[in-house]
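# Sharing a model that was predicted from the sequence below.
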Amino acid sequence: MRISNDRRGDDFEINVIPLIDVLLTLLMFFVLTSTFIQHSRMQVTLPQASAQDRDLNTQVLTIMIDRDGRFFVGSDEVMGEGIEALKQTIARNAGDDRDRPVTIRADAMTPNQNVVTAMDALGQLGFTRLSIATTPTKPGAAQ
């Protein structure tokens, strides 16, 4: 007598394509909504000063000047020479918000003229909240 199981076993399979779609959608959501640390394209050695607290909730416009005198507004390099090219790049990045705080991050070895040029461009555009970024001095260091 032949004893066998004539029931056909259902082949169970798990379709993972919808799961992958959901995971990729969640991944894109988290990547697009996360805050990113602002990385600069260049390394700048800042001059030193004592630390001071400030309100970190406001969006700060950053102007960086490297030791060769190249200007960067936010992450955009200023193309062209002179104050007019700098003013156009600042106006494009800042929009109409002239009450926005501006930080100048100049390399310690950059000529003072470049910092004054950036300050002059900001003044001509109507910015009044200006600060110059420095690195804090170490306690006990000789001044």
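Everything's here; your move. Residues are numbered from 1 along each chain as shown.

# State the next helix or strand along the chain beyond the lowest-mean-pLDDT helix or strand in the chain.
Ranked by mean pLDDT, DSSP states H and E, the helix or strand of the chain with the weakest confidence is strand 48-49, at a mean of 68. For strand 48-49, the following helix or strand on the C-terminal side (DSSP states H and E) is strand 61-65.

# partners of that next one in the sheet?
Paired strands of strand 61-65, with direction, are strand 71-73 (antiparallel), strand 102-106 (parallel) (DSSP bridges).

# Averaged pLDDT, that strand. What do you get?
In this model, strand 61-65 has an average pLDDT of 91.

# Just give me how far it sits from the chain centre.
Strand 61-65 sits 10 Å away from the centroid of its parent chain (Cα atoms, centre = their mean, to the nearest Å).

# and if you look at stretch 91-98?
Using Cα atoms, centre = their mean, the offset of stretch 91-98 from its chain centre is 16 Å.

# likewise stretch 83-90?
19 Å.

# Not counting it itself, show me its contacts.
Residues outside stretch 83-90 that contact it (Cβ atoms under 8 Å, 6 or more residues apart in numbering): 61, 63, 71, 73, 76, 78-79, 117-118, 120-122, 124-125. In short, each C-beta sits where N, CA and C put it, glycine included.

# would you list these in JSON lines and tack on secondary structure and neighbour count?
What follows is those, written out as JSON lines (DSSP: H, G, I helix; E, B strand; the rest coil; neighbours: other Cβ atoms under 10 Å):
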{"residue": "Leu61", "secondary structure": "strand", "neighbour count": "20"}
{"residue": "Ile63", "secondary structure": "strand", "neighbour count": "26"}
{"residue": "Phe71", "secondary structure": "strand", "neighbour count": "25"}
{"residue": "Val73", "secondary structure": "strand", "neighbour count": "23"}
{"residue": "Asp76", "secondary structure": "strand", "neighbour count": "12"}
{"residue": "Val78", "secondary structure": "coil", "neighbour count": "20"}
{"residue": "Met79", "secondary structure": "coil", "neighbour count": "9"}
{"residue": "Thr117", "secondary structure": "helix", "neighbour count": "17"}
{"residue": "Ala118", "secondary structure": "helix", "neighbour count": "24"}
{"residue": "Asp120", "secondary structure": "helix", "neighbour count": "14"}
{"residue": "Ala121", "secondary structure": "helix", "neighbour count": "24"}
{"residue": "Leu122", "secondary structure": "helix", "neighbour count": "22"}
{"residue": "Gln124", "secondary structure": "helix", "neighbour count": "13"}
{"residue": "Leu125", "secondary structure": "helix", "neighbour count": "15"}
